[in-house]
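>>> Need a 3D model of the sequence below.
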Amino acid sequence: MADSDRKIHDSQTLVDGNLLAAKAFAAAGVTLMFGVVGILVTSFAKRAVSIVIRFLAFHNEQSAAQKYNTLELPSGVSGPESIAFDCNGDGPYTGISDGRILKWQGSKHGWKEFAITSPFRIPKFCDGSLNPAMEQVCGRPLGLKFNEATCDLYIADAYFGLLVIGQNGGVAKQVAISAEGVPFRFTNALDIDQNTGVVYFTDTSTIFQRWAYAIAMQIGDKTGRLLKYDPRTKEVTVLLRGLSFSNGVALSEDKDFVLVTETTAAKIIFKETFMGNFGLHKIIVEDQK
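Residues are numbered from 1 along each chain as shown. Sure, this is the predicted structure:
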């Protein structure tokens with residue numbers, strides 16, 4: 001962290017993390033949330049309500065499910081990491097444990113295979129797989145996001161890097177597998193600037209792959225990175241490095257900053273986007289336990 005950034009952080013008064021998180025949601029335009037009431041959720045809900053975000057509380061999972069439809073995955077698969085809707089509003093699409101990306105075709109037709117991330121994938125051995133050791137062959141799609149202008153789906157696959165696939169699906173094409181000569185080891189989450197097409201994404205570790213995530217967390221690995229890919233120039237830029245299990249990414253509504261989580265450090269980092277890797281970055285949420 002630069003000296004100027006450290007001074008900014010040190011001079012800030014630490015406040016309730018739940019309140020900061022609620023304010024971040026409000027700044028992103030969120031006006032309504034729901035959740036199952038519990039110790040963690042109740043504290044957050046109180047802060048959300050205090051800044052005029054409506055919160056619908058349910059007392060158990062069954063009452064929550066009664067308010068919303070449940071889309072059951074095909075038998076034998078699990079692990080939907082994220083969901084996305086295409087430029088026509090169709091979907092959702094989700095990546096699952098056996099390396100496939102599925103598209104919801106409606107209650108009549110259910111789920112259909114849309115794309116895969118591994119060119120080496122063999123359906124006979126991969127379909128329905130729950131074995132992490134097979135992910136390097138079958139693929140493991142994590143982050144998903146559509147470019148609304150082109151209808152292309154960008155995919156962060158834990159083993160195959162950043163990929164893209166057109167609206168007809170099939171085998172996704174790799175667009176980035178390294179940055180500054182350092183290969184991606186655990187490509188994780190992404191978000192897209194819909195004005196420019198720039199993709200912001202995380203590489204959780206430059207040492208450990210997804211199958212060894214528990215080890216990375218236990219030893220406190222701090223080799224994670226926040227990166228951006230520009231489809232116009234095909235260039236990948238490292239925006240932040242030295243992150244503790246860098247995970248989720250969220251771009252602001254005005255596209256002027258991006259938030260990235262450090263899972264094992266229990267932090268959310270704010271990073272300006274308009275100055276590239278020279279832009280200000282600071283901690284905005286930190287668990288003080």
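>>> could you point out which element follows the helix or strand harbouring residue 114?
If you go by DSSP states H and E, residue 114 is part of strand 111-116. As assigned by DSSP H and E, the chain's next helix or strand after strand 111-116 is helix 123-126.
>>> mind listing what's buried in that following helix?
Under the neighbour-count criterion of 16 or more other Cβ atoms under 10 Å, helix 123-126 has residue 126 buried. Quick note: C-beta positions are derived from backbone N, CA and C, even for glycine.
>>> Which secondary structure elements does that helix sit against?
Taking 3 or more Cβ pairs under 8 Å, 6 or more residues apart in numbering; DSSP states H and E as contact, the helices and strands that helix 123-126 lies on are helix 135-138.
>>> Report all helices and strands that the helix it packs on contacts.
Where contact means 3+ Cβ pairs under 8 Å, 6+ apart, helix 135-138 is packed against helix 123-126.
>>> Do I have it right that residue 147 meets residue 192?
Yes. With contact defined as Cβ atoms under 8 Å, residue 147 counts as touching residue 192 (5.8 Å).
>>> those strands in the stretch 151-289 of the chain, which residues are they?
For the stretch 151-289 of the chain, applying DSSP state E, counting those that start in this stretch gives strands covering 153-157, 161-165, 170-171, 173-176, 178-179, 182-183, 187-192, 199-203, 224-230, 235-243, 246-251, 257-262, 267-272, 281-286.
>>> Excluding residues flanking it in the chain, which one is nearest residue 128?
residue 76 (4.1 Å; Cβ to Cβ, 6 or more residues apart in numbering).
>>> Tell me the secondary structure of the one you found, please.
With DSSP: H, G, I helix; E, B strand; the rest coil as the basis, residue 76 sits in coil.
>>> Need the per-residue pLDDT for it.
Note for residue 76: predicted pLDDT of 85.
>>> quick revisit: residue 147 and residue 192: who's more crowded?
Neighbours per residue, other Cβ atoms under 10 Å: of residue 147 and residue 192, the larger number sits with residue 192, 23 against 19.
>>> Let me see the contact set for that one.
Contacts for residue 192 (Cβ atoms under 8 Å, 6 or more residues apart in numbering) come out as 145-147, 154, 198-200, 251.
>>> ok, now with 6 Å
Residues in contact with residue 192 (Cβ atoms under 6 Å, 6 or more residues apart in numbering) are 145, 147, 199.
>>> Pull the residues that contact stretch 218-235.
Here stretch 218-235 has contacts from 162, 176, 179, 197-207, 236-246, 260, using Cβ under 6 Å, 6+ apart.
>>> Next, the buried residues of that stretch.
221-229, 231.
>>> Start and end of that stretch, how far apart?
33 Å (Cα to Cα, to the nearest Å).
>>> Quick check: mean pLDDT of it?
For stretch 218-235, mean pLDDT rounds to 97.
>>> ok, back up a step: now the contacts of stretch 218-235: which count as buried?
162, 176, 179, 197-206, 236, 239-241, 243-246, 260.
>>> residues touching residue 256, list them.
residue 274.
>>> again, but for residue 113
residue 100.
>>> Pairing partners for the helix or strand hosting residue 145, with directions?
Per DSSP H and E: residue 145 is located in strand 141-146. In the sheet containing strand 141-146, its partner strands are strand 153-157 (antiparallel), by DSSP bridges.
>>> Disregarding flanking residues, what is the spatial nearest neighbour of the most centrally placed residue in the chain?
The centroid of the chain falls nearest to residue 189 when counting by Cα atoms, centre = their mean (3.1 Å). What sits nearest to residue 189 in space, not counting adjacent residues and going by Cβ to Cβ, 6+ apart, is residue 143, at 4.1 Å.
>>> now do residue 130
That would be residue 97: by Cβ to Cβ, 6+ apart, it lies 5.4 Å from residue 130.
>>> tally of neighbours for that neighbour?
Residue 97 has 23 neighbouring residues, counting by other Cβ under 10 Å.
>>> swap in the one 4 residues further on?
Other residues within reach of residue 101 by the criterion other Cβ under 10 Å amount to 23.
>>> quick one: average pLDDT of stretch 144-160?
For stretch 144-160, the mean pLDDT works out to 98.
>>> Please apply the same query to stretch 44-58.
On average, stretch 44-58 scores 76.
>>> can you check stretch 109-121 too?
Mean per-residue pLDDT for stretch 109-121: 96.
>>> First-to-last residue distance for it?
End-to-end span of stretch 109-121 (Cα to Cα): 25 Å.
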